[in-house]
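Student: Only the shape, not the letters, is given here:
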């Protein structure tokens, strides 16, 4: 028994305990990123001359910078900026400041004061313009900071009197980016050399408008674009600048005229019902009508880019009076847009001249219907037939813009759609495929307002001979949704579509779809043509033609069902079946 217990004790103490093997933890390496600011500082310190420094800056501009390193890099750049004497290096540093301010995740409010301080001692106009561009970037990044906005406005107004056009341009852009129309400026913020309004400070719009008459056309353009930027930011432009902007429509510089067209369009939408006087006359008209006439005159501008913009702008002026709208389709001035002097006015003029009727000349004091150029004052004579000039322009871009503008105006005015139909149909014969295609699309969009006559349909169907499949398919779609006036038009369309099918067999599905919708839109016009379309008689019954022949649509009842079934259950079909 004792030996048995001793054996059990030995067994218990002889058990093997296995300890699980623990893997040694891997050593973590901390990879430290080299400091961008330190690397830049080392590179700039190694530069022995301005050329080397410029090369280092160009290399640095190609490298990405993290948001947390931007502020340190900017400090290094500013430190080197104050030490550098070469204008090209300072110009590149100013450019990098603006580029770094756009870094995602970085707020440039911490560098506003430093960027403004760099302007104080700068003598180079190019560097000054680049620094203002950097402030423009900062202002765009901080639109909700009123303190920053006021400081930037003050800086812009301070440098508006600079002799270099680039500096004035950047100042105007800065005012357009951060300026407020309703907030008057303090006397410290006003531009030097400008006269403040009596009884209070001047606003940003008043300062910008003064530079619309600047001697440099680039500054005039920048002033107009600053006004447009204020409008895009939701500021309401005052009507007082309308006459000044209208004078810029005759500027010698095409960029000024282009910006003036946009500005006139903006004012016509802000104050459409305002009454404006007509120059050299006592008459008054609505501002939108006057603006429409002035922009119509720009369709004959010497620059094709201005003509394109003027034509596009006309399409969005839908509040204009109908008689002004119709005048754009007639090169001769309509009688309702002419102002005739009354008999009292003519007698007053005769009395003022010291002359009187001698009685020897028959009816020398009778009312005269003859009009001279001074009596045409409701709309400029150059604006007459604006769309006619646009559709006949030598540049196809202008013709396309005129076609699109006609479409926009015709969609909102059925009567105008009827009047411009002939002009749009004539564009089907244009030499440029893009113009023809756009004309077809435009006619399709206004198809609910128009009905084609036979002569117009003849011009439209002539396009089926076009070698472009896009043109033919667009015309098939147009015929699906267009109304025609007579049964002869239906017959003419059917014959031309069959010719199209014979010449281009791949158009089969498109042609049959066109026939289907053409018949469904004109059931009463198709009905009298059914006996002629069937063209069969039981006495002269002929063998069944080949069904694979596309032309058999006229010789067989079955293909003709594609046209007759288009009546879609009309009671008229029941007469024949």
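Tutor: Okay, I see it. The structure displayed is predicted, hence computed values, not measured ones.
Student: Okay, residue 260 and residue 425: tell me how far apart.
Tutor: Here the criterion is Cβ to Cβ, to the nearest Å. By it, residue 260 lies 34 Å from residue 425. Bear in mind the C-beta positions are built from the backbone N, C-alpha and C, glycine included.
Student: So between these two, which is more surrounded?
Tutor: Higher neighbour count among residue 260 and residue 425: residue 260, with 26 against 20, using other Cβ atoms under 10 Å.
Student: In the helix or strand containing residue 519, which residues are buried?
Tutor: Using DSSP states H and E, residue 519 maps to helix 508-521. Residues of helix 508-521 classed as buried by neighbour count (16 or more other Cβ atoms under 10 Å): 510-521.
Student: Same check on stretch 252-269?
Tutor: Using 16+ other Cβ under 10 Å as the test for burial, stretch 252-269 gives 254-269.
Student: for stretch 223-236, same thing?
Tutor: By neighbour count with 16+ other Cβ under 10 Å, stretch 223-236 contains the buried residues 223-231, 235.
Student: pLDDT averaged over that stretch - what is it?
Tutor: What stretch 223-236 shows for mean pLDDT is 93.
Student: Residue numbering should commence at 805 henceforth.
Tutor: That works, and once the first residue is 805, the last one we named lands at stretch 1027-1040.
Student: what's it in contact with?
Tutor: The contact list for stretch 1027-1040 (Cβ atoms under 8 Å, 6 or more residues apart in numbering) reads 976-977, 979-981, 983-986, 1008-1009, 1012-1013, 1015-1016, 1018, 1041, 1045, 1049, 1052, 1060, 1063-1064, 1066-1067, 1070, 1074.
Student: now, which of the buried residues of stretch 1027-1040 sits nearest residue 942?
Tutor: Closest approach to residue 942 among the buried residues of stretch 1027-1040 (Cβ to Cβ): residue 1033, at 16.3 Å.
Student: the helices in the stretch 1005-1154 of the chain, which residues?
Tutor: All helices of the stretch 1005-1154 of the chain, identified by DSSP state H, counting those that start in this stretch, fall at 1008-1014, 1021-1036, 1046-1051, 1058-1074, 1091-1101, 1108-1119, 1126-1131, 1147-1157.
Student: Looking at the ones you listed, spot the one closest to residue 890.
Tutor: Checking those against residue 890 by Cβ to Cβ gives helix 1021-1036 as the closest, at 26.6 Å.
Student: ok, back up a step: could you dump the buried residues of helix 1312-1325 into a markdown table with pLDDT and distance to residue 970 added?
Tutor: Shown next, in a markdown table, are these (pLDDT from 0 to 100; distance: Cβ to Cβ, whole Å):
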| residue | pLDDT | distance to residue 970 |
| --- | --- | --- |
| 1314 | 90 | 57 |
| 1315 | 88 | 61 |
| 1316 | 85 | 64 |
| 1317 | 87 | 60 |
| 1318 | 88 | 59 |
| 1319 | 85 | 65 |
| 1320 | 84 | 64 |
| 1321 | 87 | 60 |
| 1322 | 87 | 62 |
| 1323 | 83 | 67 |
| 1324 | 83 | 65 |
| 1325 | 85 | 62 |
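Student: closest to residue 1258 among those?
Tutor: For the buried residues of helix 1312-1325, the residue nearest residue 1258 by Cβ to Cβ is residue 1322; the value is 14.9 Å.
Student: biggest separation within the buried residues of stretch 1056-1073, which pair?
Tutor: Maximum pairwise distance in those, criterion Cβ to Cβ, is 23.4 Å, between 1058 and 1073.
Student: Strands along the stretch 1255-1381 of the chain, start to end?
Tutor: With DSSP state E, counting those that start in this stretch as the criterion, the stretch 1255-1381 of the chain has strands at 1255-1256, 1287-1288.
Student: sorry, back to before: what subset of the contacts of stretch 1027-1040 is buried?
Tutor: If we count by 16+ other Cβ under 10 Å, those have these buried: 976-977, 979-981, 983-985, 1008-1009, 1012-1013, 1015-1016, 1018, 1041, 1045, 1049, 1052, 1060, 1063-1064, 1066-1067, 1070.
Student: still on that earlier bit, any idea which of the buried residues of stretch 1056-1073 is closest to residue 881?
Tutor: Closest to residue 881, out of all of the buried residues of stretch 1056-1073 and judged by Cβ to Cβ, is residue 1059, at 33.8 Å.
Student: got a list of what the closest residue to that closest one other than its chain neighbours touches?
Tutor: Leaving aside its sequence neighbours, residue 1059 sits nearest to residue 1025 (Cβ to Cβ, 6 or more residues apart in numbering; 4.6 Å). Neighbour list for residue 1025: 1057, 1059-1060, 1063 [criterion: Cβ under 8 Å, 6+ apart].
Student: Same list (these) but as TSV, adding pLDDT.
Tutor: Formatted as TSV, the contacts of residue 1025 follow (pLDDT from 0 to 100):
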residue	pLDDT
1057	95
1059	95
1060	96
1063	96
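Student: Many thanks, I have nothing further to ask.
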